[in-house]
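In: sequence and predicted structure are below.
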Amino acid sequence: MPSDSDPRTDTTVVAAPTPVSAERILEATRRLGLRYFVDDEGDVGIPWRCVVVHVIFQDTRAVQLRGTWHRIADTEHLAPLRSLVEEWNATRIGPKAFLTVGDGGIVRLHGEITYPLDAGMTDAQIDDFVFTGCRLIVALVREAEEVFPDPLRGSLEP
């Protein structure tokens, strides 16, 4: 009689990937014990100390985790921030780091991880994507906090 460890007797059912939805992302955040919110547009946000990671669906093609550093800078800090982004992207596999320059010369640092959705995901894959993606984005923001320990845009005091 074969033992319990004999692979011929293993009846474990492997979950098949299924389409990813905002509800499945919410379920993953609950399983992981993460804080979250749902904004007015139905998008999921996962807050951390210095960054909020948003879950963004690109139609049915991809899902992204995108975080924006809470701090902002002026264009006078663009060169050192660009150096941070270039160093990060050259030495790490993720998240993709990038800067945006908005109205009034406000510079923002972002981290982003994208996962294609054509094949779907299992619950375990969604859990890994959300947890690992958030941790990588938080690591980018922590790096920025170390490089720029002082406020970049002056004091908020009147």
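Out: Happy to help now that I have it.
In: quick one: low-confidence parts of the protein?
Out: Residue ranges of the chain with pLDDT under 70: 1-14, 152-158.
In: and the strands in it?
Out: 37-38, 44-47, 51-58, 62-69, 96-101, 107-116 (DSSP state E).
In: to residue 31, which of these lies closest?
Out: strand 44-47 (13.0 Å; CB to CB). (Glycine included, C-beta is placed from N, CA and C.)
In: residue 51 reaches residue 142, doesn't it?
Out: No: Residue 51 is not in contact with residue 142 according to CB atoms under 8 Å; the separation is 9.2 Å.
In: same drill for the two, tell me which one is more crowded.
Out: residue 51 (25 against 14; other CB atoms under 10 Å).
In: the more buried one: what's it in contact with?
Out: 67, 68, 69, 70, 111, 137, 138, 141 (CB atoms under 8 Å, 6 or more residues apart in numbering).
In: buried members of those residues into PyMOL, please.
Out: Buried members of the contacts of residue 51, defined by 16 or more other CB atoms under 10 Å, are picked up in PyMOL with:
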select buried, resi 67+68+69+111+137+138+141
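In: which of the contacts of residue 51 lies closest to residue 151?
Out: Among those, and counting by CB to CB, the member closest to residue 151 is residue 70, at 11.1 Å.
In: what's the distance between the closest one and residue 144?
Out: 10 Å (CB to CB, to the nearest Å).
In: and the contacts of the longest helix anywhere in the chain?
Out: For the chain, the helix that runs over the most residues, judged by DSSP state H, is helix 123-147. With CB under 8 Å, 6+ apart as the test, helix 123-147 has contacts from 15, 17, 20, 24-25, 27-29, 31-32, 34, 46, 48, 50-51, 53, 55, 63, 65-67, 69, 71, 80-81, 84, 88, 94-95, 97, 109, 111-113, 115, 121.
In: over to stretch 24-40?
Out: 18, 22, 44-47, 55, 63, 121, 123, 126-127, 129-131, 134.
In: looking at those residues, which two lie furthest apart in space?
Out: Farthest pair in the contacts of stretch 24-40, by CB to CB: 18 and 47, 27.4 Å.
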